[in-house]
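Engineer: Have a look; sequence and predicted model below, questions after that.
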Amino acid sequence: MSLLRGPGPRTRRLAAYLERRERASPARRAAADAAFLQAVERLRAVVYTDTADFTLRTARDGILHFMMVFERAAARVGPRVARHGGRLVKVEADSLLMCFPDVEGACHGVEGVEGLLRELNRGHPANERLHFSYGVGYGAVLELEADLFGLEVNLASKLGEDLARPGEALLTPAATAALPPALRRRAVPHRIVTFGRTPLDIRRLRLRRA
């Protein structure tokens with residue numbers, strides 16, 4: 001078992017670097033890290049989702065029922081976000097991790113996923129409907145074939161899982177700063193959260209609903 005998922009040249013390159021780093025002296029690691037990151041990091045917008053009431057639903061309806069309902073949506077998310085230049089990077093438990101070239105695409109991708117959920121929920125009983133919350137980040141990340149790593153990935157995960165309510169998309173300060181003017185007007189104050197000792201101005205995107 002490894003932290004790194006699946007094959008691919010980017011994944012193999014990172015795995016090889018981590019092996020070399022372990023053999024290097026601690027004094028040399030900082031300079032080597034800077035050179036490696038300069039070569040491989042990419043600016044990306046990331047979206048991390050969380051499913052409302054996952055634990056409660058599983059306890060009530062059973063894990064197989066939840067898996068059936070979740071798979072119904074997860075299998076269709078990739079094509080939907082691809083319309084906005086994004087890709088579904090991985091499915092992890094009840095969460096999705098998506099990647100976009102910019103924050104504008106990520107916000108439209110979130111609205112696309114929300115539209116998909118409305119379509120899939122229509123006509124189904126309450127225990128077969130899904131609702132996601134969303135965290136949106138933007139910054140330098142290690143983009144692998146089947147995973148993403150970076151501070152903004154971690155922050156987006158925290159926002160999506162811990163702070164956002166169902167149907168709500170929260171943005172990190174970096175994501176808000178990267179919005180084009182039309183979308184920035186839809187990013188309204190949500191709350192200040194403290195990360196370490198740093199206060200972060202978290203914004204909520206007013207989603208358009210078709």
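Structural biologist: Sure, I can see it. Residues are numbered from 1 along each chain as shown.

Engineer: going forward, measure contacts between C-alpha atoms and count neighbours the same way
Structural biologist: Noted.

Engineer: Show me what the strand ranked longest in the chain pairs with in its sheet, parallel or antiparallel.
Structural biologist: Scanning the chain for the strand with the most residues, using DSSP state E, yields strand 132-143. Looking at strand 132-143 with DSSP bridges, its partner strands are strand 42-51 (antiparallel), strand 148-149 (antiparallel), strand 169-171 (parallel).

Engineer: could you give the angle of the helix or strand hosting L117 to strand 132-143?
Structural biologist: Using DSSP states H and E, L117 sits within helix 103-121. Calculated by axes from the mean of the first three to the mean of the last three Cα atoms, to 10 degrees, helix 103-121 forms an angle of 140 degrees with strand 132-143.

Engineer: Any buried residues in helix 103-121, and which?
Structural biologist: Buried residues in helix 103-121, counted by 16 or more other Cα atoms under 10 Å: 103-115, 117-118, 120-121.

Engineer: So, low pLDDT: which residues of the chain?
Structural biologist: Scanning the chain for pLDDT under 70 picks out the ranges 210.

Engineer: re earlier: out of the strands paired with strand 132-143, which gets nearest to M68?
Structural biologist: Set against M68 and scored by Cα to Cα, those come closest in strand 42-51, at 13.7 Å.

Engineer: chain center to the helix or strand following that closest one, what's the gap?
Structural biologist: Counting by DSSP H and E, the element after strand 42-51 in chain order, helix or strand, is helix 54-61. Once both centres are worked out by Cα atoms, centre = their mean, to the nearest Å, helix 54-61 turns out to sit 23 Å from its chain's centre.

Engineer: For helix 54-61, name the packing helices and strands.
Structural biologist: Helix 54-61 makes packing contacts with helix 63-82 when contacts are defined by 3 or more Cα pairs under 8 Å, 6 or more residues apart in numbering; DSSP states H and E.

Engineer: tilt between the very next helix or strand once past the helix it packs on and helix 103-121?
Structural biologist: Next along the chain after helix 63-82, taking DSSP H and E as the criterion, comes strand 87-92. Between strand 87-92 and helix 103-121, the angle comes out at 60 degrees (the same axes, to 10 degrees).

Engineer: List the strands paired with strand 87-92, with their directions.
Structural biologist: Strand 87-92 pairs in its sheet with strand 95-100 (antiparallel), by DSSP bridges.

Engineer: Can you tell me what sits against the strand it pairs with?
Structural biologist: Here strand 95-100 makes contact (Cα atoms under 8 Å, 6 or more residues apart in numbering) with 44-51, 74, 84-91, 106.
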